[in-house]
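Enquirer: Generate a structure from the sequence data that follows.
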Amino acid sequence: MSTSFKVMSLTDAAADRIKAIIADADRPIAGLRVGVKNGGCAGMSYTMEYAEDRKPGEDMVEDRGVKVFVDPKALLFLLGTQMDFQTSKLASQFVFNNPNQTSACGCGESVAITPVGPERLLAPA
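Expert: Below you'll find the model as predicted:
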């Protein structure tokens, strides 16, 4: 499935980290697969895994020289999300700046996300 709009975007830091992950992989990797799953105290959590290729039905985001494959079940939850990579004194992690996220748990492991409804999908850009 190919959409006429960009599902997600990446910061330079996220793209650089994905490039490093691909370069360090022990097998050929085309990019990262991003999704969401039920779980955690806030209801959902983001998922990421190596993607060797594009699966049927997935959207592919090409941004800043890398590919991110979006699980079709996560599409309406991730629409408009910016993926970043941040490093602090205590952690280095991918961060999802998601306009559909309504809350997050205190530990930062799970979030509450409202899927995009038809009114937003049909709204003029």
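Enquirer: Extract the residue ranges of the protein that are flagged as low pLDDT.
Expert: 1-5, 40-42, 103-125 (pLDDT under 70).
Enquirer: Using PDB, write out every CA atom in stretch 6-19.
Expert: This file holds the C-alpha atoms of stretch 6-19, laid out as PDB (Å, rounded to 0.1, in the frame of the first residue of the first chain):
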ATOM      1  CA  LYS A   6       4.000  10.900   4.600                       C
ATOM      2  CA  VAL A   7       3.100   8.700   7.500                       C
ATOM      3  CA  MET A   8       6.200   9.500   9.600                       C
ATOM      4  CA  SER A   9       9.300  11.700   9.500                       C
ATOM      5  CA  LEU A  10      12.700  11.300  11.000                       C
ATOM      6  CA  THR A  11      15.100  13.700  12.600                       C
ATOM      7  CA  ASP A  12      18.800  13.700  11.500                       C
ATOM      8  CA  ALA A  13      19.700  12.000  14.800                       C
ATOM      9  CA  ALA A  14      17.100   9.200  14.200                       C
ATOM     10  CA  ALA A  15      18.400   8.700  10.600                       C
ATOM     11  CA  ASP A  16      22.000   8.600  11.700                       C
ATOM     12  CA  ARG A  17      21.200   6.000  14.400                       C
ATOM     13  CA  ILE A  18      19.200   3.800  11.900                       C
ATOM     14  CA  LYS A  19      22.200   4.000   9.500                       C
END
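Enquirer: can you list contacts of that stretch?
Expert: Contacts of stretch 6-19 from elsewhere in the structure, counted by CB atoms under 8 Å, 6 or more residues apart in numbering, are 31-32, 34, 59, 61, 63-66, 68, 70, 75, 78-86, 94. All C-beta spots, glycine's among them, are computed from the backbone N, C-alpha and C.
Enquirer: now the residues you listed: which count as buried?
Expert: Burial of these was assessed by neighbour count (16 or more other CB atoms under 10 Å); the buried members are 31-32, 34, 59, 61, 63, 66, 68, 70, 75, 78-79, 81, 83-85, 94.
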